[in-house]
Structures are given as structure tokens and as C-alpha cells.
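A.B. asks: here's my sequence, what's the structure:
(one chain, ligands or ions: 1)
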Amino acid sequence: MFNIAIDGFVGSGKSTLSTEIAKRLNLKALDTGAIYRGIACYYLKLNLPNPNDEIINKFVSNLNVEIKFVENIQNVIVNGENFTNMLRDENTSMMASLISPYKMIRNKVRLLQQKFASENDCIIEGRDIGTDVLPNAQVKLFLTGNATIRAKRRFLQIKDKPNSPTYEEILEDLNLRDYRDTHREVAPLKPAKDAIIIDSTNMNLEEMINYCVDIIKSKMGKTK
Ligand code: DC
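C.D. replies: Got it, this is the predicted structure:
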């Protein structure tokens, strides 16, 4: 199978980029943040206290996560409940950031991701795909970009929604989540040694897509 790993910081454009590349190159796309988010929704639903090792161990021992594509939309089902519509809620984002550092959670999600990669020519985006989940991926891209610009883009996307956070709140949340992603003990966010680093600060989406598609096509030509 041909596997592409895209990792990067919060709001660096991974999801949009992966979806567009997948369309152009006829690949499947997997958003792994959505899996952590689905698990976070279930955690919130159970109304458990803030996570710690003991709570997480119990929680994971009774956790069943499924991914289904319905009309090309990735659905996340946890213990039979479809959480797809709640994945982007702000409290989901915060809880996903709190539970994702735990090894038991990451092991569970890693198996799901590796199974997907073994069955599909695909592009998988997340934080540890090139370093930990798919160390043998044929292409590894790492997206970075200035935090204030990432926060501004996010603010413009959601500013007209009811109860949307301010720009300052978005920036603070983004910095906090970046810090947690890069400083956790298990599979922290960092570029793989063989990753191509792409800085989205001064590139628009179309430029990023074209740049990445060219890189991927040249690698595909060599291996397919
Ligand atoms: O990319 P995102 O914002 O949807 O990710 C949600 C959370 O999940 C975020 O706090 C980081 C975490 N995550 C992770 O730890 N590893 C991944 N491969 C993907 C996401």
C-alpha cells in the first residue's frame, strides 16, 4: 500500500490539505485527530473526573472505537454511539488534548490507524504518524506555521458561529495544545528524520496543495 503521513501543529491546515490531496490523487484520507476527539466525546459523556492513569486504564479496558465512511464523511463511533457531529465542539478539543497523551489511549488508536494503512492507499494526518504510527510511510510531510497566523485563520473560520471564542482565546488554546502535543512523553509531536517540512505561514492553500501533490507524485512514480 502507498501511505502518506502528514503531521503538524494545531491549525496548520493538515485536514484541509489531506482532504484535497486525497481527492486529487484518488487516495483515502484518515483524520486521526477525529478519533481522539470521538474518544474525548465518550469520556465527556461518561462524566468522568479529569483523567489520571487509573481512570484512563479503566476507561480504555471497555472502549470500542470504529471508523466508518458515510458518503465520504469520516464518522467516529465509540461504544456504539456516533459522535461525528460533536467532534469540533470546544470542550471536545480540550478533552482530546487532555486524554491523548496517555499511552493506553494512543496504543488503542495506533492499532486502528495501522489497520487502515495496511488496507488502503491513503493519506493519514495527525501528530505522530511519520514518527510512530507509520515509520515506513513512503511520504512524510510536516506542517508548521506562525501561531498567530494559524489562530487568525481559525478565528475567521468560526467567528460567525454562536458563542464562538475570541481571537485571544483561540490563540491561548492553540498555544496550550501545541505545548501539550510537543511535550508529552509518549509519541510527542516532532518531524520524523525523513519528513519534508512545510511552513504554511506564507503559502495559501492552493500553493500548499500543488507543492505537496508534486512531491507525492514524484515518490509514487518511483514506487508504484
Ligand atoms: O488535529 P486535531 O486538533 O483534531 O487533534 C485533536 C487532539 O488529538 C489534539 O489535542 C492532538 C491529539 N492528536 C494526537 O495526539 N495525535 C494524533 N495523531 C492526532 C491528534
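
A.B. asks: for the lowest-mean-pLDDT helix or strand in the chain, packing partners?
C.D. replies: Lowest mean confidence among the helices and strands of the chain (mean pLDDT, DSSP states H and E): helix 205-223, at a mean of 89. Secondary-structure packing of helix 205-223 (3 or more CB pairs under 8 Å, 6 or more residues apart in numbering; DSSP states H and E): helix 14-25, strand 139-144, strand 196-199. In this view, the C-beta of every residue, glycine as well, is placed from N, C-alpha and C.

A.B. asks: nearest to residue 79 among these would be which one?
C.D. replies: Among the helices and strands packed on helix 205-223, helix 14-25 comes nearest to residue 79, with 24.7 Å by CB to CB.

A.B. asks: what lies in contact with that closest one?
C.D. replies: By CB atoms under 8 Å, 6 or more residues apart in numbering, the residues outside helix 14-25 that reach it are 4, 6-8, 27-29, 31, 33, 122-126, 143, 205, 208-209, 212-213, 216-217, 220.

A.B. asks: now it against strand 139-144, angle please.
C.D. replies: Interaxial angle of helix 14-25 relative to strand 139-144 (axes from the mean of the first three to the mean of the last three CA atoms, to 10 degrees): 150 degrees.

A.B. asks: okay, the helices and strands packed on helix 205-223, which one's buried deepest?
C.D. replies: Ranked by mean neighbour count under mean count of other CB atoms under 10 Å, the helices and strands packed on helix 205-223 are led by strand 139-144, which reaches a mean of 23.

A.B. asks: could you point out the helix or strand that follows that one?
C.D. replies: Counting by DSSP states H and E, the next helix or strand C-terminal to strand 139-144 is helix 147-158.

A.B. asks: and that next one, does that touch the ligand?
C.D. replies: No. Applying CB under 6 Å from any ligand atom, one finds helix 147-158 separated from the ligand by no less than 10.2 Å.

A.B. asks: and the angle for that helix with helix 14-25?
C.D. replies: Going by the same axes, to 10 degrees, helix 147-158 makes 70 degrees with helix 14-25.

A.B. asks: return the set of buried residues in helix 147-158.
C.D. replies: For helix 147-158, burial by neighbour count (16 or more other CB atoms under 10 Å) applies to 147, 150, 151, 153, 154, 155.

A.B. asks: same deal with stretch 62-78?
C.D. replies: 63, 65, 67, 74, 75, 76, 77, 78.

A.B. asks: please settle this for me: is the fourth one part of a strand?
C.D. replies: Yes. When the secondary structure is assigned by DSSP: H, G, I helix; E, B strand; the rest coil, residue 74 falls within a strand.

A.B. asks: how about the residues of this structure by the ligand?
C.D. replies: Applying CB under 6 Å from any ligand atom, we find that the chain lies next to the ligand at 10, 32-33, 36-37, 96-97, 100, 126-128, 177, 181.
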